[in-house]
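**Q** Pasted the sequence and its predicted model underneath.
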Amino acid sequence: MKRRDALRLGVIGGGAIVSGGFLRPAFAQDKPEVKEMALGAADAPVTMIEYASFTCPHCANFHKNVFGRLKEDYIDTGKVRLVYREVYFDRPGLWAGMVARCAGEERYFGVVSLLYEKQRDWIGDGTPAKIAQNLRQIGKTAGLSDEELDACLSDADKARAMLDVYEANMKEYDVQGTPSFVINGELHSNMAYEEMKTLIEAELPAK
């Protein structure tokens with residue numbers, strides 16, 4: 001079974017995201033929108049796309065050790081617009097993305113930070129039921145109610161739409177691993193902050 005097909009199977013937190021064993025098809029007329037999430041000024045001279053998986057330890061390390069400096073030095077100063085693209089290498093990664101999107105655009109990046117900060121905790125022993133329980137707790141920490149989580153996590157059409165967007169995004173730059181970064185159209189693999197800073201500075205307008 002291919003990874004993308006396996007992702008279309010599963011149950012989370014007692015709320016089925018499957019119908020007859022597979023995600024129900026999302027027809028064009030009712031396909032949910034999957035909004036691209038971004039931080040920073042829309043007219044920033046540098047656009048960086050981050051491809052990351054919520055279950056990737058290297059991605060968690062990036063958010064722990066690099067993201068804060070990137071945000072302070074470049075995103076908050078209007079120099080970089082960061083577009084965050086979710087990568088689903090496994091079902092827990094997809095489920096985590098659903099929880100983050102449950103919170104809405106304003107709280108999305110706050111939930112992203114929680115997911116990376118507590119990655120080891122919510123993945124736990126790796127059993128689906130425990131992961132589902134832990135993800136629901138993160139959702140509650142972000143202010144979501146049980147009813148909101150039930151509705152969000154049982155939305156098979158939204159899950160299918162998210163998978164479709166993920167697959168299209170991966171093909172756009174032929175991304176093979178996470179984290180990966182596209183800086184003004186050029187794909188780069190994981191790197192230290194100083195290397196990233198050098199690449200960004202080279203793209204900024206001359207002073």
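**A** That came through, no problem. Residues are numbered from 1 along each chain as shown.
**Q** only C-alpha atoms for contact and neighbour calcs from this point on.
**A** Noted.
**Q** which regions of the chain sit below the pLDDT cut-off?
**A** Filtered on pLDDT under 70, the chain yields the residue ranges 1-31.
**Q** Quick check: beta-bridge partners of the residue nearest the centre of the chain?
**A** In the chain, the residue lying closest to the centroid (Cα atoms, centre = their mean) is Glu86, at 3.0 Å. Bridge pairing for Glu86 (DSSP bridges) gives the partners Ala52.
**Q** show me where this structure has strands.
**A** 11-12, 15-16, 37-39, 46-52, 80-86, 180-183, 186-188 (DSSP state E).
**Q** What residues of stretch 175-191 count as buried?
**A** In terms of neighbour count (16 or more other Cα atoms under 10 Å), stretch 175-191 has its buried residues at 175, 178-183, 190.
**Q** how far does it stretch from start to finish?
**A** End-to-end span of stretch 175-191 (Cα to Cα, to the nearest Å): 15 Å.
**Q** One more: stretch 65-78?
**A** 21 Å.
**Q** And stretch 42-59, by the same measure?
**A** Terminal residues of stretch 42-59 are spaced 24 Å apart (Cα to Cα).
**Q** I'd like to know which elements the biggest helix by length in the chain is packed against.
**A** If you go by DSSP state H, the chain has its longest helix at helix 156-172. Contacts defined by 3 or more Cα pairs under 8 Å, 6 or more residues apart in numbering; DSSP states H and E place helix 156-172 against strand 80-86.
**Q** For the strand it packs on, which helices and strands make contact with it?
**A** strand 37-39, strand 46-52, helix 156-172.
**Q** one more time with 6 Å, if that's ok
**A** For strand 80-86, the elements it packs on are strand 37-39, strand 46-52, judged by 3 or more Cα pairs under 6 Å, 6 or more residues apart in numbering; DSSP states H and E.
**Q** With respect to Asp121, which of the ones you listed lies nearest?
**A** Among the helices and strands packed on strand 80-86, the nearest to Asp121 by Cα to Cα is strand 46-52 (18.4 Å).
**Q** which residues touch the closest one?
**A** Strand 46-52 is touched from outside by 59, 80-87, 178-184, with contacts defined as Cα atoms under 6 Å, 6 or more residues apart in numbering.
**Q** what angle separates that strand from strand 80-86?
**A** Orientation check (axes from the mean of the first three to the mean of the last three Cα atoms, to 10 degrees): strand 46-52 against strand 80-86 gives 20 degrees.
**Q** Glu63 and Pro179: what is the separation?
**A** One correction, residue 63 is His, not Glu. On the measure of Cα to Cα, His63 and Pro179 end up 10 Å apart.
**Q** my bad, Val111
**A** 18 Å.
**Q** Ile131 now?
**A** For Ile131 relative to Pro179 (Cα to Cα), the value is 22 Å.
**Q** again, but for Phe62
**A** Per Cα to Cα, Phe62 is found 8 Å from Pro179.
**Q** and what of Asn134?
**A** 23 Å.
**Q** end to end, how far does stretch 45-64 reach?
**A** Using Cα to Cα, the end-to-end distance of stretch 45-64 comes out at 25 Å.
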